[in-house]
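>>> predicted coordinates and the sequence they were generated for:
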Amino acid sequence: MGLWTPNLKGLYLNTNRLSGLIPSSISNASKLTLIGLSDNSFTGFIPNTLGNLRDLQWLFIGENYLTGQVSTPELRFFDSLSNCKNLVYLSIALNQLNGILPASVANLSTSLRVFNAFGSEIKGEIPMAIGNLSGLSALRLYSNELTGFIPSTLGRLKNLEQLYLEDNDLKGSIPNDLCQLERLGELYLSGNKLNGPIPSCLGELSSMKGLFLDSNNLTSTIPSTLWNLEDLLYLNFSTNSLTSSLPLDIGNLKMITQMDLSWNQFLGHIPRTIGSCQMLTFLLFAYNELQGSIPQSFGNLISLEFLDLSNNNLSGAIPKSLEALRYLKYFNVSFNRLEGEIPTGGHFANFTGQSFMQNDGLCGVPRLQVHRYEFMAQTKTLATIGYMAPEYGREGIVSTKGDVYSYGILLMETFTRKKPTDEMFSDILTMRSWVYEASLGSIVQVVDANLIGKEDESFLAKKECATSILHLALDCSRNIPTQRISMEDVVVRLNKIKITFLTNTR
């Protein structure tokens, strides 16, 4: 290959059904500036001869079945690519490289702006010398098997705007050196084993739009400086060991659209200033130790779609101001100490008893059955309408397997825009059996038409994503508890679905 095309500058073969090895003779086309072989079925090694393409600027070989060489644990093709001094974009993501990043990765072009190597079974530590890639604006190494510490040398990458290191096995503290990245807009460190406090200097990164530190072992408090990030859109600190009370300054986040502080140890009252965050669509404070009343100012969150305050120590009444939230689709205040009448206006007419469970002082319309003396009746009612696992309503058995079942039903509800209580369902035809029957043919036929249409530009990507989600929902909601998958496996599959969807729509 290449002998007959010495003047070829671009090779565009993405998203075909090509297989076999990438021929080493590709380097004979010495004037190539772009190679696009992504989303195929290539196997074998990445040719070392690619380094002979001195004019190469864009290399796309992701989404294949490429592997590392068996003879060495290090990915030696980086040695060759260091000769490509004009390289701007490198994507080797979503392969099966099963190797270690060598120190020679630091010899890649200083012109390199984007380095994509996510989801490729890359192991070992991130080389300290990666800080030499001074031109990088995006470094995406997420969903690998990286270990060790986050290199302090990343602080040298002054042009970096996106740093994605989530879903690895990184340990240690978050280095203060990251605060030197003045252009950083997205920081993803979720799903690692990071510990210690959140650096207060992160609050000085005024370009920050998305800050994801969830699912680690972080401790201490949220630094007060972070509430000054006025352009922040996404904040996720869930599933850590953060504590202290939430400050009034939380209301400074006027642009925030999603905030998740669940599964921590936050104390005290929910600040009334939260009502100033009127762009919020998702708000999760569940599984903390918050107390006091739900602020009336929640009624000002005019964009809110998802609100979870469950499993705290909240008391008082549910504010009627929440009836004005016209976009609210999910509401959960279960397992608190709330009392009084449940609002009936707005979307409260659609919420089931599952939203209000285990609040002894709450009372409401008979269909909700949440009075203190009717808990067992409530569980049976919920089980018959399909939200809760059969063993819960039948025997009162509470387990994590029951939570998995409920999650599967919620996934179906989200993607089909149907509720288990809809008139079309009965004891014979449940929502799960309806989705299951569709899965035997084309499961996409039950997907909400507002989510996917054949005229959509990303129709195939959306179809694949929705199909995968509904198959996951079926695996979550099997009738026999021991046949349901674990939440750990749910997270893994959701992450793979996310990676595939984002890759197919970029």
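Thanks, I have it.
>>> alpha carbons only: can I get stretch 497-506 in CSV?
The C-alpha atoms that make up stretch 497-506 are tabulated as CSV, following Å, rounded to 0.1, in the frame of the first residue of the first chain:
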residue,chain,number,x,y,z
ILE,A,497,-22.8,2.7,26.8
LYS,A,498,-21.9,6.3,27.5
ILE,A,499,-18.4,6.0,26.0
THR,A,500,-19.9,4.4,22.8
PHE,A,501,-22.6,7.0,22.5
LEU,A,502,-20.2,10.0,23.0
THR,A,503,-17.8,8.5,20.5
ASN,A,504,-20.5,7.9,17.9
THR,A,505,-21.8,11.5,18.2
ARG,A,506,-18.5,13.4,18.2
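>>> mind listing what residue 183 touches?
137, 158-161, 207 (Cβ atoms under 8 Å, 6 or more residues apart in numbering). In this view, the C-beta of every residue, glycine as well, is placed from N, C-alpha and C.
>>> try it again at 6 Å.
For residue 183, the residues meeting the contact criterion (Cβ atoms under 6 Å, 6 or more residues apart in numbering) are 161, 207.
>>> name the SS class of it, please.
Here residue 183 is recorded as coil under DSSP: H, G, I helix; E, B strand; the rest coil.
>>> numbering from 258 from now on, please.
I'll keep to 258 as the first residue from here, and by that count the last item is residue 440.
>>> now it. Its backbone dihedrals?
Note on residue 440: its backbone torsions stand at phi -90, psi 0 [degrees, to the nearest 10].
>>> please, where are all the helices along the chain?
Per DSSP state H, the chain has helices spanning 334-338, 632-641, 647-652, 657-673, 688-696, 716-733, 744-762. These are given in chain order.
>>> count of neighbours near residue 409?
Per other Cβ atoms under 10 Å, the neighbour tally for residue 409 reads 14.
>>> least confident of the helices of the chain, on average?
Lowest mean pLDDT of the helices of the chain: helix 632-641, a mean of 41.
>>> just to revisit the earlier point, got CSV for the helices of the chain, with mean neighbour count too?
Rendered in CSV, the data for the helices of the chain read as follows (neighbours: other Cβ atoms under 10 Å):
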stretch, mean neighbour count
helix 334-338, 21
helix 632-641, 18
helix 647-652, 17
helix 657-673, 20
helix 688-696, 18
helix 716-733, 19
helix 744-762, 15
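>>> quick check: end-to-end length of stretch 401-414?
Length of stretch 401-414, first residue to last, Cα to Cα, to the nearest Å: 21 Å.
>>> just the buried residues of it, please?
401, 403-404, 407-408, 410-414 (16 or more other Cβ atoms under 10 Å).
>>> now, which of those residues lie within strands?
Counting by DSSP state E, the members of the buried residues of stretch 401-414 that fall within strands are 403-404.
>>> need the buried residues of stretch 401-414 in TSV with pLDDT and distance to residue 538, can you?
Shown next, in TSV, are the buried residues of stretch 401-414 (pLDDT from 0 to 100; distance: Cβ to Cβ, whole Å):
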residue	pLDDT	distance to residue 538
401	93	30
403	96	32
404	97	36
407	98	30
408	97	35
410	97	37
411	97	31
412	97	33
413	96	36
414	97	32
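>>> want to try JSON lines for the buried residues of stretch 401-414, with distance to residue 588 as columns?
Compiled in JSON lines, the buried residues of stretch 401-414 are given as follows (distance: Cβ to Cβ, whole Å):
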{"residue": "401", "distance to residue 588": "37"}
{"residue": "403", "distance to residue 588": "38"}
{"residue": "404", "distance to residue 588": "41"}
{"residue": "407", "distance to residue 588": "38"}
{"residue": "408", "distance to residue 588": "43"}
{"residue": "410", "distance to residue 588": "46"}
{"residue": "411", "distance to residue 588": "40"}
{"residue": "412", "distance to residue 588": "42"}
{"residue": "413", "distance to residue 588": "46"}
{"residue": "414", "distance to residue 588": "42"}
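>>> residue 314: which of the buried residues of stretch 401-414 is nearest?
residue 414 (19.8 Å; Cβ to Cβ).
>>> what about the closest one, distance to residue 488?
Distance of residue 414 to residue 488, given as Cβ to Cβ, to the nearest Å: 21 Å.
>>> and for residue 464?
Computed with Cβ to Cβ, the distance linking residue 464 and residue 488 is 8 Å.
>>> swap in residue 755?
When Cβ to Cβ is the yardstick, residue 755 and residue 488 sit 24 Å from each other.
>>> just checking, residue 723 touches residue 704?
Yes. With contacts counted by Cβ atoms under 6 Å, residue 723 reaches residue 704, the gap being 4.6 Å.
>>> list residues touching both of the two?
When contacts are counted by Cβ under 6 Å, 6+ apart, residue 723 and residue 704 are jointly contacted by residue 672.
>>> count the neighbours of residue 713 for me.
A total of 12 residues lie near residue 713 under the criterion other Cβ under 10 Å.
>>> run a quick neighbour tally on the residue lying closest to residue 359 once chain neighbours are set aside.
Distances taken as Cβ to Cβ, 6 or more residues apart in numbering put residue 331 closest to residue 359, at 4.3 Å, once the chain neighbours are dropped. The local packing of residue 331 (other Cβ under 10 Å) involves 18 other residues.
>>> cool, residue 298 as well?
Counted with other Cβ under 10 Å, residues neighbouring residue 298 total 12.
>>> right, and it touches residue 279 too?
No. With contact defined as Cβ under 6 Å, residue 298 does not reach residue 279; the gap is 11.3 Å.
>>> thinking again about what came up before, now the helices of the chain in TSV, with distance to residue 372?
Written out in TSV, the entries for the helices of the chain read as follows (distance: least, Cβ to Cβ, whole Å):
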stretch	distance to residue 372
helix 334-338	11
helix 632-641	49
helix 647-652	48
helix 657-673	33
helix 688-696	38
helix 716-733	23
helix 744-762	15
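>>> for residue 468, find the nearest of these.
Closest approach to residue 468 among the helices of the chain is made by helix 744-762 (18.1 Å; Cβ to Cβ).
>>> elements contacting that closest one?
The elements that helix 744-762 packs onto, with contact taken as 3 or more Cβ pairs under 6 Å, 6 or more residues apart in numbering; DSSP states H and E, are helix 716-733.
>>> ok, residues contacting the helix it packs on?
The set of residues external to helix 716-733 that reach it, using Cβ under 6 Å, 6+ apart, is 661, 664-665, 668-669, 672, 692-693, 700-701, 704, 709, 741-742, 750, 754, 758, 761-762.
>>> tell me the angle of that helix relative to helix 744-762?
Between the direction of helix 716-733 and that of helix 744-762, the angle (axes from the mean of the first three to the mean of the last three Cα atoms, to 10 degrees) works out to 170 degrees.
>>> what angle separates helix 716-733 from helix 657-673?
Orientation note: helix 716-733 sits at an angle of 150 degrees relative to helix 657-673 (the same axes, to 10 degrees).
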